[in-house]
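Enquirer: What follows is a predicted structure for the sequence shown.
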Amino acid sequence: MDAAEDDMQRRRESGQPVKRRRTIRRKARKAPTVPVSTTDLQQQVAALTGELKEAREQQTATVEVLRVISSSPGELDPVFKEMLEKATQICGASFGTLLLFEGNAFRRVAAHNAPPEYVQFADREPFIRLDRARSLNRLTKIKEPVQIADMAEAEPNSPLTKLGGARTYFAVPMLKENELIGAIGIYRQEVRPFTKKQIELVENFAAQAVIAIENVRLLNELRETLERQTATSDVLKVIASSTGELHPVFSAVLANATRLCEANYGALWLREGDAFRTAALHGNLPMPYLDQWRSGTLFRPNPDVPMARVAATGQPVQVADLSQSEAYRAGDQLVVTGVDSGGIRTIAAVPMFRDKELIGVISIYRTEVKPFADKQIELVQNFAAQAVIAIENARLLNDLNKLNQQLEQRVTDQVSEIERMGKLRRFLPPQVADLIVASGTEKQLESHRREITALFCDLRGFTGFSESSDPEDVMALLREYHAAIGGIINKYGGTLERYAGDGVMVVFNDPIPVDNPALQAARMAIDMRMAIGELIEKWRKLGHDIGFGIGIAHGFATLGTIGFEGRFDYAAIGTVSNVASRLCDEAKSGQILISPRVLMAVEKDITVEPVGEFALKGIRRPLTAYNVLATKAAD
């Protein structure tokens with residue numbers, strides 16, 4: 001209680017009168033209510049309903065256009081027509097057109113509900129020059145929507161105004177990465193401007209049109225690439241199946257080249273000195289022209305003939321209209337016959353090269369004046385390269401057949417030598433096997449005694465891993481392990497004495513002498529430890545607890561091949577092998593344990609640490625071992 005309440009309580013207890021406190025409440029002033037008429041409410045509801053209806057119509061139209069795009073892969077006409085129909089309908093327009101920007105002009109490609117007079121004009125003159133359409137000229141510059149309130153005032157002589165009766169008009173650009181590729185135009189035959197929302201709707205349709213165009217382009221490129229790959233594969237199959245035969249290959253090359261390049265005829269000539277001979281033809285050539293080419297006689301073309309120009313320049317040559325060429329006007333028999341009898345107009349000729357030497361020419365022909373595209377000429381160049389491969393294969397096959405007839409015994413000797421080398425490579429480094437094969441004797445592999453360094457290595461914990469893991473995981477780990485150490489063994493010139501599972505033994509100083517085999521073995525062991533260390537980290541992340549140890553010993557052993565016919569191994573038998581194996585058994589993960597004799601040979605170049613004495617199985621006295629740390633830095 002506060003002080004006032006204490007005072008009131010004392011007055012009550014003493015019988016004195018108590019004054020009541022008055023609470024003054026202020027009434028909040030209410031804002032005056034403005035009456036809303038029923039008419040205003042109805043107008044607001046009607047406006048909201050209209051906006052909602054318009055939004056739904058636009059959404060439905062967008063969905064329908066997207067449906068047409070997805071259901072018409074590779075086709076643009078259905079997409080364009082659907083867009084124009086929905087755009088004119090929702091925008092309350094009379095008609096609409098869609099244009100594509102090509103070069104420096106617009107081409108009319110689609111229209112909806114356009115007046116017949118304008119449609120007939122558009123069919124006669126599909127292109128719109130920018131200097132004759134101010135609104136489109138402005139659109140290309142600003143790349144933003146352009147609206148004209150009254151075409152009759154702005155462009156009274158425009159075909160849209162005179163033939164289409166267009167009055168209010170707007171156009172939106174079709175942009176791909178800010179590059180103009182077309183425009184959509186919407187027209188009213190009355191003066192009534194379009195709203196911002198209507199323009200935004202058509203902008204959305206323009207974006208969808210760009211997507212549809214890009215989809216068609218990608219699909220056509222995919223089909224074209226697939227056709228080319230299929231044709232290339234077909235020709236290669238013919239090359240593979242036609243051993244030494246060229247005519248089936250040439251026929252396949254010309255058939256695919258003419259089909260994919262939309263040509264009427266094709267021909268392949270092979271060069272002989274400064275002349276050419278017909279090797280293959282394709283297409284229904286007229287008889288006079290066909291008889292001239294089939295004669296099989298050599299012909300020397302005049303310098304102006306495309307074939308001669310290819311030979312002179314080494315580059316593809318195309319003539320858009322052979323009837324207007326210098327060779328035709330000069331009366332060249334080959335060209336005149338081709339034009340007058342063969343109906344040839346457009347020709348493309350590409351060279352066939354082998355080691356920068358022109359060996360032939362492939363030509364394709366059209367009976368209309370229609371130049372070949374760069375991609376089509378590149379395709380014929382690819383076929384020319386395949387024809388050259390076939391020719392080279394045939395030449396090599398003929399050479400091989402001659403060699404086979406003359407050198408059968410030599411081939412038998414080579415096969416025997418390869419088998420012998422294969423046996424040696426099973427347990428020797430490649431350079432050692434090559435040396436033995438080159439020497440022509442295998443005395444190095446006969447039983448003998450020599451001072452060697454033996455290295456033994458294996459994985460710690462491998463047995464437990466292999467018992468608890470799937471066989472596929474075990475094999476995968478061993479492949480990684482063997483690949484890692486195998487390359488290092490070859491690098492240091494070690495001889496692989498044996499490998500069984502994770503255990504590997506390598507010897508140095510036999511059969512190839514080594515200046516300091518112990519130092520070579522120690523350096524190889526350091527590289528092995530580093531390489532396997534990286535694998536161990538990877539295996540640990542996979543949940544495999546595996547380590548790696550190495551033992552190295554130096555001493556005398558008896559070496560040579562052991563086994564039976566068809567299965568020989570190279571072995572090192574003696575105490576040195578046992579000591580290396582036992583040291584490996586005692587090595588902890590990451591250790592390289594070496595014997596005292598190895599230490600004496602490497603202590604100038606390798607830093608080590610003593611690890612104590614070990615009683616090794618099969619060795620009478622305890623052996624002091626040392627762990628290799630690293631190579632010493634050069635002075």
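Expert: Sure thing, it's come through. This structure is a prediction, so every number in the text was calculated from the model and none was measured.

Enquirer: Please count neighbours and contacts with C-alpha atoms only from this point.
Expert: Fine.

Enquirer: What count of nearby residues applies to the closest residue to Phe465 other than its chain neighbours?
Expert: Computed as C-alpha to C-alpha, 6 or more residues apart in numbering, the closest residue to Phe465 that is not its neighbour in sequence is His544, at 7.0 Å. Taking other C-alpha atoms under 10 Å as the criterion, the count of residues near His544 is 16.

Enquirer: Next, His544: secondary structure please.
Expert: Following DSSP: H, G, I helix; E, B strand; the rest coil, His544 is assigned to coil.

Enquirer: quick one, phi/psi of it?
Expert: Taking degrees, to the nearest 10, you get phi -100, psi 120 for the backbone angles of His544.

Enquirer: how far away is Ala166 from Arg108?
Expert: The span separating Ala166 from Arg108 equals 16 Å under the rule C-alpha to C-alpha, to the nearest Å.

Enquirer: neighbour-wise, which of the two wins?
Expert: Ala166 (26 against 20).

Enquirer: ok, now which ones touch that one?
Expert: 151-152, 160, 187-190 (C-alpha atoms under 8 Å, 6 or more residues apart in numbering).

Enquirer: Likewise for Val305?
Expert: For Val305, the set of contacting residues under the criterion of C-alpha under 8 Å, 6+ apart consists of 327, 335.

Enquirer: I'd like the distance between it and Leu358.
Expert: 16 Å.

Enquirer: and if you look at Glu125?
Expert: In this view, Glu125 and Leu358 are 47 Å apart by C-alpha to C-alpha.

Enquirer: Which of the two has more residues huddled nearby?
Expert: Neighbours around Glu125 and Leu358, counted as other C-alpha under 10 Å, are more numerous at Leu358. The numbers are 17 against 11.

Enquirer: Test of understanding: give the bridge partners of that one.
Expert: Per DSSP bridges, the residues bridged to Leu358 are Phe353.

Enquirer: gap between it and Val210?
Expert: Per C-alpha to C-alpha, Leu358 is found 46 Å from Val210.

Enquirer: Give me the next element, helix or strand, following the longest strand seen in the chain.
Expert: Across the chain, the longest stretch assigned as strand under DSSP state E is strand 547-564. For strand 547-564, the succeeding helix or strand toward the C-terminus, using DSSP states H and E, is strand 567-573.

Enquirer: Can you list the strands that that next one pairs with?
Expert: Going by DSSP bridges, the partners of strand 567-573 are strand 547-564 (antiparallel).

Enquirer: tell me the average confidence for the strand it pairs with?
Expert: Taken as a whole, strand 547-564 has a mean pLDDT of 88.

Enquirer: quick check, distance from that strand to the centre of its chain.
Expert: Shown here is strand 547-564, whose average C-alpha point lies 49 Å from the average C-alpha point of the whole chain (C-alpha atoms, centre = their mean, to the nearest Å).

Enquirer: would you put the C-alpha positions of it in PDB?
Expert: Taking Å, rounded to 0.1, in the frame of the first residue of the first chain, the C-alpha atoms of strand 547-564 are listed here in PDB:
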ATOM      1  CA  GLY A 547      48.400 -49.700 -41.500                       C
ATOM      2  CA  PHE A 548      51.600 -50.400 -43.500                       C
ATOM      3  CA  GLY A 549      55.000 -51.700 -42.500                       C
ATOM      4  CA  ILE A 550      58.300 -52.500 -44.300                       C
ATOM      5  CA  GLY A 551      61.300 -54.600 -43.400                       C
ATOM      6  CA  ILE A 552      64.700 -54.400 -45.200                       C
ATOM      7  CA  ALA A 553      67.700 -56.800 -44.900                       C
ATOM      8  CA  HIS A 554      71.000 -57.200 -46.800                       C
ATOM      9  CA  GLY A 555      72.900 -60.500 -47.400                       C
ATOM     10  CA  PHE A 556      73.600 -63.400 -49.700                       C
ATOM     11  CA  ALA A 557      70.900 -65.500 -51.300                       C
ATOM     12  CA  THR A 558      70.400 -68.100 -54.000                       C
ATOM     13  CA  LEU A 559      68.400 -66.700 -56.900                       C
ATOM     14  CA  GLY A 560      66.800 -68.100 -60.000                       C
ATOM     15  CA  THR A 561      63.700 -69.400 -61.600                       C
ATOM     16  CA  ILE A 562      61.600 -72.000 -59.800                       C
ATOM     17  CA  GLY A 563      58.400 -73.800 -60.900                       C
ATOM     18  CA  PHE A 564      57.300 -75.900 -63.800                       C
END
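
Enquirer: how about it: buried residues?
Expert: When neighbours are counted by 16 or more other C-alpha atoms under 10 Å, the buried residues of strand 547-564 are found to be 547-557, 559-561.

Enquirer: Then stretch 582-598?
Expert: Neighbour counts using 16+ other C-alpha under 10 Å place 582-596, 598 of stretch 582-598 among the buried residues.
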